[in-house]
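> the following block contains a protein sequence and its predicted model.
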Amino acid sequence: MTHVLHRNSRMDPPIVVAADGCYLIDTNGKRYLDGSGGAAVSCLGHSDRAVIEAIKAQLDRMPYAHTGFFSSAPAEALADDLVRHAPPGFERVFFVSGGSEAMEAALKLARQYYLEIGQPQRRHVIARLQSYHGNTLGALAVGGNMARRRQFEPLLMAVTHVSPCYEYRGLEPGETTAAYARRLAGELEAEIQRLGPESVIAFVAEPVVGATLGAVPAVPEYFRLVREVCDRHGILLIADEVMCGMGRTGTLYALEREGVVPDIVCVAKGLGAGYQPIGATLVQGRIHAAISRGSGAFQHGHTYIGHAAACAGSLAVQQELRKRGLIDRVRTLGPALEARLRERFGEHPHVGDIRGRGFFWGIELVQDRATKRTFDPALKIHARVKAAALEAGLLCYPMGGTVDGVHGDHVLIAPPYIVTDAQMDELVDKLARAIDAALLGTDAS
């Protein structure tokens, strides 16, 4: 009997006891290829010695000191490193323990910024449907995953949501991607006008939408147009790169590919690669300057922010990524992973779309390819895929509610940056077997 409150209270998960690069090993000695990096976290695999030794060395020196009294050498060094490699204008970093906390910090920073510059009337946040920004109440309110929000709705702050940039289902017949981008930017503009431009704090978006939508990049020009809309009304652009950032899509920051610089960017997952809990909110210099000149203090914090051992581990992760050229490797080998997925699933009768970038890919499953009709949600195809993949010795990240929070199924693939050609073959082969096994006994079989 377990006393752990697991996510699924009706079953006890396998217990992992060891790790070997891209594999996790349970108590029975079964090896699982981590084809999703957990939740796109483990970019260096699970046994990187340089990172482990950096954490051990910091624990020997000093594991923790509260930031109400001290900073630490690892926190200062990691902040310097992140700013040095960040897009132009970023000058400060606020360290937290994960992605949800990073988003909470971003929302509070954005609100406080406008208070400091004398615009207290700004109170609205706009985000997108089918987005996911975390499970704390503020982050959950901003997120557009209606299934996750529903039971907590009475506790959530009011946030308005516009359409996602979802080419597979959002592009209208005969519409070009350029026209689609303009239409979505126009929708954002209309929502700002409805709320009152002087009342909007920020627009929040994932550059490549992760868990809820399944690795969906924006069409060209979309984020450039969004940036123009925000600038026109003095609204902050907050980029949630918790899942898609830190090299996952082939550049350190996902928005680099769009040629757009946000005002605040949130990172986590690949920031620390799972070796210690860490996240970060990076802030443009003018935002920090406004607070520094005004009240002088960011009115927010958690007990473990800037944790010394976590920062030491994260710094080692960033150094390993550069020293071993792993982000370049993601950019170079991403097309090889894409080619394998398209070769295996491109003509699959129940794969509607394959989309992504770098080592971040989604496969959308459909009942009918021609009409894009989804499976009956009661079938829980995504859960069947996850169970079948585990049985086959593969970790992938399936989710339901892809289309509207209820209908639709997809599988997210996000392997460690160190994955080999042979392991990519193993990943695709096991995923194909898992999908076919999941469809057995349904109308699709």
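It's in.

> rest of the way, CA atoms for contacts and neighbours
Fine.

> toward the C-terminus, what is the element adjacent to the helix or strand of the chain with the lowest mean pLDDT?
Lowest mean confidence among the helices and strands of the chain (mean pLDDT, DSSP states H and E): helix 146-149, at a mean of 88. With elements assigned by DSSP states H and E, the helix or strand that comes after helix 146-149 is strand 160-162.

> hey, where'd the helices end up in the stretch 1-150 of the chain?
37-40, 49-61, 73-84, 99-116, 137-142, 146-149 (DSSP state H, counting those that start in this stretch).

> outside of the fifth one, which residues touch it?
Residues external to helix 137-142 that are found in contact with it (C-alpha atoms under 8 Å, 6 or more residues apart in numbering): 100, 103-104, 107, 125-127, 132-134, 148-149, 153, 155-159, 204.

> buried residues, that helix. List them.
Neighbour-count burial for helix 137-142, counted by 16 or more other C-alpha atoms under 10 Å, picks out 137-142.

> looking at those, spot the one nearest Pro74.
Ala139 (27.4 Å; C-alpha to C-alpha).

> quick one on the thing from earlier: any idea how far the least confident helix or strand of the chain is from the chain center?
Centre-to-centre, helix 146-149 and its host chain are 17 Å apart (C-alpha atoms, centre = their mean, to the nearest Å).

> which elements pack onto that helix?
Other helices and strands packing on helix 146-149, by 3 or more C-alpha pairs under 8 Å, 6 or more residues apart in numbering; DSSP states H and E, are helix 137-142.

> sorry, back to before: quick one: closest of the helices of the stretch 1-150 of the chain to Asp425.
Checking those against Asp425 by C-alpha to C-alpha gives helix 37-40 as the closest, at 16.2 Å.

> what about that closest one, distance to the chain center?
10 Å.

> show me what counts as buried in the least confident helix or strand of the chain.
Buried residues in helix 146-149, counted by 16+ other C-alpha under 10 Å: 146, 148-149.

> ok, and what's touching it?
Contacts for helix 146-149 (C-alpha under 8 Å, 6+ apart): 130, 140-141, 143, 401, 404-406.

> could you dump the helices of the stretch 1-150 of the chain into CSV and include distance to Thr281?
Output for the helices of the stretch 1-150 of the chain, formatted as CSV (distance: least, C-alpha to C-alpha, whole Å):
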stretch, distance to Thr281
helix 37-40, 18
helix 49-61, 22
helix 73-84, 10
helix 99-116, 5
helix 137-142, 13
helix 146-149, 23
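
> closest one to Ala434 among these?
Once the helices of the stretch 1-150 of the chain are compared by C-alpha to C-alpha, helix 37-40 is nearest, at 17.2 Å.

> show me the contact partners of the closest one.
With C-alpha under 8 Å, 6+ apart as the test, helix 37-40 has contacts from 43, 45, 243-244, 248, 269-270, 395-397, 414-416.

> in the residues you listed, find the pair that's most separated.
For these, the maximum inter-member distance is 18.2 Å, found between Cys244 and Leu395 (C-alpha to C-alpha).

> which one's more surrounded, these two?
Neighbours were counted for Cys244 and for Leu395 using other C-alpha atoms under 10 Å; Cys244 has more, 33 against 28.

> so what's that one up against?
Counting by C-alpha under 8 Å, 6+ apart, Cys244 makes contact with 40, 206-210, 253-254, 360.

> flag the least confident of those.
Lowest in pLDDT among the contacts of Cys244 is Gly210, which has 95.

> number of nearby residues for the residue lying closest to that one once chain neighbours are set aside?
The shortest distance from Gly210 to any non-neighbouring residue, by C-alpha to C-alpha, 6 or more residues apart in numbering, is to Met243 (6.4 Å). By other C-alpha under 10 Å, the residues close to Met243 number 31.

> just for the stretch 251-400 of the chain, where's the confidence low?
By pLDDT under 70, the stretch 251-400 of the chain has no low-scoring segment.

> now the strands for it?
For the stretch 251-400 of the chain, applying DSSP state E, counting those that start in this stretch gives strands covering 264-267, 279-284, 351-357, 360-365, 394-395, 397-400.

> quick one, which of those strands is nearest to Ala79?
Closest to Ala79 of these is strand 279-284 (C-alpha to C-alpha; 9.0 Å).

> direction included, what does that closest one pair up with?
According to DSSP bridges, strand 279-284 forms sheet pairs with strand 90-96 (antiparallel), strand 264-267 (antiparallel).

> now the angle from it to helix 73-84?
Orientation of strand 279-284 against helix 73-84 (axes from the mean of the first three to the mean of the last three C-alpha atoms, to 10 degrees) gives an angle of 50 degrees.
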